[in-house]
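*Asks:* after the sequence you'll find the predicted model.
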Amino acid sequence: MEDALVWAGLGALALPGLALKIKRRLELSKGKHPSLAGHAKMSRRVARLLPFYEYDEAGFFNSDDAPAEVVARRREGFFRLAELYRARFARSAALTAEAAEGVSDLQFTGAYRVPFQYSRLVREHLKGGSFYTASAGVTVTDADGNVFYDLAGSYGVNVFGYDFYKTCMARGAERVAALGPVLGSYHPVLLENVRRLKAVSGLDEVSFHMSGTEAVMQAVRLARYHTRRNHLVRFCGSYHGWWGDVQPGVGNPVAAEHTYTLRDMHPDALRVLRRRKDIACVLINPLQGLHPNAAAPGDSSLVDSSRRAGFDRAAYTAWLKELRQVCTERGIVLIFDEVFLGFRLAAGGAQEYFGVQADMVTYGKTLGGGLPVGVVCGRRDLMKRFRDDAPADICFARGTFNSHPHVMGAMAEFLARLETPEVKAVYAGLDDTWNGRAARLNARLLEAGLPVQVANMQSVWTVFYTRPSRYNWMLQYYLRAEGLALSWVGSGRFIFSLNYSDADFEAVAERFVVAAKQMEADGWWWHDGRTTNKDIRRRILKEMLRKRFLG
C-alpha cells in the first residue's frame with residue numbers, strides 16, 4: 001500500500017513536467033511548415049520510398065492524355081529541337097560527355113535537369129554543353145562559338161558583369177605577385193579587406209574561409225560555443241550550403257539531430273524561439289523573401305504548375321525586425337547568410353537593404369572578386385575562439401588556403417571598387433529598374449496569351465506557370481535554343497548581372513517570348529480545360545504506387 005502511494009505521488013509530481021514537455025513539442029510542431037519540406041525526417045523517409053520509373057517514347061509525349069494531333073506536334077517539335085542541338089552544340093556536348101565519365105558533378109546535374117520520368121530521352125537527344133570558353137559584358141561563349149546572354153550569373157558570383165571580375169582578378173594578382181602562394185602568414189592587403197568588411201557589415205571582427213558553406217559552418221560553431229546551446233534554427237526551404245546541420249532533409253544521408261526547421265514569416269516560429277532554451281542561433285537567407293517556405297526552385301521538380309513566387313519587401317522587412325527583437329530578448333545569435341545575396345541588393349548587403357543589424361554575417365561568392373572565398377563577420381564577443389578562464393576550451397577553425405594572397409588581392413580590388421562613384425551609381429533605383437523590367441516582360445507574355453510569368457527580387461528571378469501542365473520543364477531547352485544561358489536548375493532561377501542595359505534586357509525579353517511562343521506552338525502547354533495541378537499530382541502518385549507495389 002505504501003509503495004503504491006509513493007508511486008502515485010511520484011506520478012503526480014511528474015505530470016506537470018510531462019504536460020510541459022508535450023506542450024513544447026506541440027509548439028515546435030506548429031512552428032514547422034506543414035509540407036514535407038518542413039519535416040526533415042519524414043521527407044527523408046518518403047524520398048527512400050519513391051520508386052524509379054520512366055516513360056517510354058510514347059508515354060514521354062503523352063503523359064497527360066493529349067489528343068493525337070497534339071502528341072504529333074510535340075514529337076515533331078522535340079526532334080526538331082534535338083536536331084538544332086546536335087548541329088549547334090556538337091563540340092560542347094562532346095566535351096561534356098567526356099567529362100561526365102570522370103566528373104560526378106556532371107553526372108548529377110545531367111540526370112536532374114528534368115523530372116526523372118522524362119530524363120533518359122532528354123539526355124539522349126537534347127545534349128547541351130557545360131563548357132564555355134569566353135565571357136564579355138553580359139554574354140558567355142561556348143566551345144562551339146555560340147554567344148549566349150548569361151542568365152546563370154555564375155550561381156550568384158556575377159553581380160557586376162564578368163569584365164568587372166576579370167579586372168579584379170588581374171589587378172589583385174599584380175598586387176600580390178611577389179609573395180605568390182605563401183600560406184599561413186598574411187599579405188598586407190588583408191588589412192584593407194578587414195577594414196572595409198568591418199565598415200560594410202557594421203561588425204567588429206572578420207575571419208576568412210574558402211567557401212560560403214565553410215563560412216556558415218564556422219558562424220554556427222561560434223554561436224554554439226558562446227551560447228553553450230546546441231540547436232540551430234533554419235527556415236523551411238532555405239539553403240545555407242550543403243553541410244549536414246543546415247540540410248537536414250533530402251540530400252543528407254545522416255539525420256541532423258540539432259536542427260529545427262521552422263515556418264518562415266509565421267508567428268508560430270517566433271513562439272518556438274521565445275519558449276525553447278536550447279537554441280544557439282537563427283540562420284536567415286534573405287533570398288527566402290522571394291519564395292517563403294519553398295526550396296530553391298529547379299525544373300527537376302517541376303511536375304505541375306503549382307510553383308509560385310513573389311517578393312513583398314515591406315512584409316519581409318517587418319518579419320526580420322520582429323525576428324531581430326525576439327533573438328535579442330532570448331540571447332539567440334542572429335546570423336544573416338549573405339553568401340548569395342551579399343552586395344547584390346545594396347552595397348551594404350541585405351542588412352542595409354532591410355535595415356536590420358545581425359550579430360554575425362557570412363559572405364562569399366562575389367566578394368572574392370572572381371576567386372573562391374567565404375567570410376564571417378561578427379561581434380567581438382562572438383568571434384573569440386577561446387576562453388580566458390578555460391585555456392583548453394577552444395573553438396577551433398583553420399584552413400590551409402584561408403586568406404590566400406591571390407584571393408585577398410582580388411577581394412581588395414572588389415571592395416575598393418564598391419566605393420567608387422561608378423559602382424555606387426549602379427545601386428541607384430535598382431528596385432524600380434528590375435521590377436519594371438519584370439512587369440514589362442509579364443505584360444508581353446500575358447498579351448501573347450502564354451501561360452508563363454516571372455517573379456523577382458531585384459535581379460534574381462524565377463519563372464512560374466499559370467496553366468496546369470506536366471511539360472513546363474521543356475521551356476529551358478527552348479530558351480537555350482534562343483541563345484539564353486541557364487544554370488542546371490533551368491527556368492527556376494535567372495540571375496542577371498547589374499550591368500544589363502535596357503537594350504540587353506530587351507534582347508533577352510524578346511528571346512524569352514519567342515521561345516515561349518514556339519513551345520506553345522509545339523503543343524507542350526496543351527490543356528483539356530478541366531485538369532488541375534492537384535489532378536496531375538494525383539496521377540503521378542498513382543503511377544508511383546503502381547510501380548511500388550505492382551512492379
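*Replies:* Sure, I can see it.
*Asks:* buried sites along stretch 166-183?
*Replies:* 167, 168, 169, 171, 172, 173, 175, 176, 179 (16 or more other C-beta atoms under 10 Å). C-betas here are computed from N, CA, C, even on glycine.
*Asks:* what's the answer for stretch 517-524, then?
*Replies:* Those would be 518, 519, 520, 522, 523, 524, for stretch 517-524 by 16+ other C-beta under 10 Å.
*Asks:* which one of those is nearest to residue 206?
*Replies:* residue 519 (47.7 Å; C-beta to C-beta).
*Asks:* pLDDT weak spots in the stretch 1-150 of the chain?
*Replies:* Along the stretch 1-150 of the chain, segments meeting pLDDT under 70 span 1-18, 20-21, 24-25.
*Asks:* let me fix that, I meant to ask about the stretch 401-550 of the chain.
*Replies:* Using pLDDT under 70, nothing in the stretch 401-550 of the chain is flagged.
*Asks:* rerun that using 90 as the cut-off
*Replies:* Applying pLDDT under 90 to the stretch 401-550 of the chain flags the ranges 401, 547-550.
*Asks:* what about the helices in it?
*Replies:* With DSSP state H, counting those that start in this stretch as the criterion, the stretch 401-550 of the chain has helices at 405-418, 421-426, 430-447, 475-481, 502-521, 533-550.
*Asks:* how about these in TSV, adding distance to residue 344?
*Replies:* Formatted as TSV, the helices of the stretch 401-550 of the chain follow (distance: least, C-beta to C-beta, whole Å):
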stretch	distance to residue 344
helix 405-418	12
helix 421-426	11
helix 430-447	9
helix 475-481	22
helix 502-521	16
helix 533-550	32
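*Asks:* what sits up against stretch 246-263?
*Replies:* The contact list for stretch 246-263 (C-beta atoms under 8 Å, 6 or more residues apart in numbering) reads 28, 31-33, 36-41, 43-44, 47, 216, 220, 230-236, 239-242, 244-245, 268-269, 272-273, 276, 279, 283, 293.
*Asks:* which elements pack onto the helix or strand hosting residue 164?
*Replies:* Element membership for residue 164, per DSSP states H and E: helix 162-176. Helix 162-176 is packed against strand 132-136, helix 405-418, with contacts defined by 3 or more C-beta pairs under 8 Å, 6 or more residues apart in numbering; DSSP states H and E.
*Asks:* which other residues reach that helix?
*Replies:* Applying C-beta under 8 Å, 6+ apart, the set of residues contacting helix 162-176 from outside is 135-137, 140, 150, 157-158, 187, 189, 369-371, 405-406, 408-414, 417, 497, 499.
*Asks:* check stretch 506-516 too.
*Replies:* 149, 151, 437, 440-441, 444-445, 448, 450, 452, 475, 478-479, 481-484, 500.
*Asks:* re the thing from before, are any of the contacts of helix 162-176 buried, and if so which?
*Replies:* 135, 140, 150, 157-158, 187, 189, 369-371, 405-406, 408-414, 417, 497, 499.
*Asks:* so what's residue 135 closest to, chain neighbours aside?
*Replies:* In space, and not counting its chain neighbours, residue 135 is closest to residue 162: 3.9 Å by C-beta to C-beta, 6 or more residues apart in numbering.
*Asks:* with residue 226 instead?
*Replies:* Sequence neighbours aside, residue 382 is the residue nearest to residue 226 in space, at 5.4 Å (criterion: C-beta to C-beta, 6+ apart).
*Asks:* and that neighbour, which helix or strand is it part of?
*Replies:* Per DSSP H and E: helix 380-383 holds residue 382.
*Asks:* from the middle of its chain, how far away would the following helix or strand past that helix be?
*Replies:* Once helix 380-383 ends, the next helix or strand along the chain (criterion: DSSP H and E) is strand 386-387. Chain-centre distance of strand 386-387: 34 Å, with C-alpha atoms, centre = their mean, to the nearest Å.
*Asks:* so which elements touch strand 386-387?
*Replies:* Counting by 3+ C-beta pairs under 8 Å, 6+ apart, strand 386-387 packs on strand 390-394.
*Asks:* what does the strand it packs on rub up against?
*Replies:* Contacts for strand 390-394 (C-beta under 8 Å, 6+ apart): 385, 386, 387.
*Asks:* compare those and tell me which is most surrounded.
*Replies:* residue 385 (15 neighbours; other C-beta atoms under 10 Å).
*Asks:* next, count neighbours for residue 547.
*Replies:* When neighbours are defined as other C-beta under 10 Å, residue 547 has 14 of them.
*Asks:* touching, it and residue 54? I think so.
*Replies:* No. Assessed by C-beta atoms under 8 Å, residue 547 is found out of contact with residue 54, at 10.0 Å.
*Asks:* mind checking the pLDDT average for stretch 354-370?
*Replies:* Mean per-residue pLDDT for stretch 354-370: 97.
*Asks:* and that stretch, which residues are buried?
*Replies:* In stretch 354-370, counting by 16+ other C-beta under 10 Å, buried: 354, 356, 358-370.
*Asks:* wait, what's in contact with the residue lying closest to residue 423 once chain neighbours are set aside?
*Replies:* Spatially, and ignoring its direct neighbours in sequence, residue 423 is nearest to residue 417 (5.4 Å; C-beta to C-beta, 6+ apart). The neighbours of residue 417, taking C-beta under 8 Å, 6+ apart as the test, are 164, 168, 423.
*Asks:* so can I have CSV of these showing distance to residue 105?
*Replies:* CSV is the format used below for the contacts of residue 417 (distance: C-beta to C-beta, whole Å):
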residue, distance to residue 105
164, 26
168, 26
423, 33
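*Asks:* quickly name whichever of the buried residues of stretch 354-370 is closest to residue 456.
*Replies:* Of the buried residues of stretch 354-370, the one sitting nearest to residue 456 (C-beta to C-beta) turns out to be residue 354, at 16.6 Å.
*Asks:* tell me how far the closest one lies from residue 321.
*Replies:* Residue 354 is 8 Å from residue 321, where distance means C-beta to C-beta, to the nearest Å.
*Asks:* alright, I will stop here.
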